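Asks: sequence? don't have it. structure:
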């Protein structure tokens, strides 16, 4: 699976959009981009995933560049409860392979 | 569904003792994963099962660690003998084998080996 690069930490003001970047320059054509987050003392939680098109659900939006070498997770209106570590993972879907979690981005939402 | 259930939530033991961590995956999920999380190494995959069969145990640190899945609704991770460096949070996760790629994690077991 392709490696990802994320900034180690970010801050965001409460109520503003949080934009979390991820670089995956070696991504293959059949690899998906997944985002999970881990709130302190809890297990990681699935947020969203996509292949090439932008995706949106009730939690967030995922913007993938046309060349697929990078993506951005957008939390449209960040709340204090969004403070967590956010992991960007790329992997081939339906291969049975495990998810490799890197170090992620620690997002702090500031009141 | 109650989600992935792990027990105990916290475990404190002395070096040399046997430790058994338990996991009940979400009903109907075909895959079960055991992860370990520490500050130094982050979230590491230890082993995963597909339809109760161990598929990849390359992440198991050494022979002191063993995992079993006797049926589709139960798995254990055993450490014997335990050592202080085994102190970590151990997570169990499960997912469906078809279509849905979401991993669902339990709340974890905080293990402290004194």
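Replies: Sure, I can see it. Everything numeric here is computed off the predicted structure, so don't read it as measured data.

Asks: quick check, the residue in chain B closest to chain A?
Replies: residue B:105 (2.8 Å; C-beta to the nearest C-beta). In short, each C-beta sits where N, CA and C put it, glycine included.

Asks: residue contacts, the closest residue to residue B:70 other than its chain neighbours?
Replies: Nearest residue to residue B:70, sequence neighbours excluded (C-beta to C-beta, 6 or more residues apart in numbering or on different chains): residue B:52, at 7.5 Å. Going by C-beta atoms under 8 Å, 6 or more residues apart in numbering or on different chains, residue B:52 touches B:69, B:70, B:71, B:72.

Asks: enumerate the residues of chain B near chain A.
Replies: Within chain B, the positions near chain A by C-beta under 8 Å from any C-beta of the partner chain are B:4, B:31, B:33, B:35, B:42-43, B:45, B:48, B:50, B:55-56, B:91, B:93, B:97-98, B:101-108.

Asks: give me the subset of these lying in helices.
Replies: Judged by DSSP state H, helices contain none of these.

Asks: which of these are buried?
Replies: Neighbour-count burial (16 or more other C-beta atoms under 10 Å in any protein chain shown) applied to the residues of chain B next to chain A gives B:4, B:31, B:33, B:35, B:42-43, B:45, B:48, B:56, B:91, B:93, B:102-108.

Asks: hmm, back to that, show me what the residue of chain B closest to chain A is bridged to.
Replies: Beta-bridge pairing of residue B:105 under DSSP bridges involves residue B:93.

Asks: before we move on, what about residue B:33?
Replies: Beta-bridge pairing for residue B:33 (DSSP bridges): residue B:48, residue B:93.

Asks: at the geometric centre of the chain, which residue sits there?
Replies: I went with chain A, as the question did not name one. residue A:35 (3.5 Å; C-alpha atoms, centre = their mean).

Asks: chain B is the one I meant
Replies: residue B:34 (3.2 Å).

Asks: can you tell me how far the spatially closest residue to residue A:107 that is not a sequence neighbour sits from chain B?
Replies: Among residues not flanking residue A:107 along the chain, residue A:10 sits closest, at 5.3 Å (C-beta to C-beta, 6+ apart). Residue A:10 sits 18 Å away from chain B, taking C-beta to the nearest C-beta, to the nearest Å as the criterion.

Asks: contacting residues for residue A:10?
Replies: A:18, A:20, A:105, A:106, A:107, A:108.
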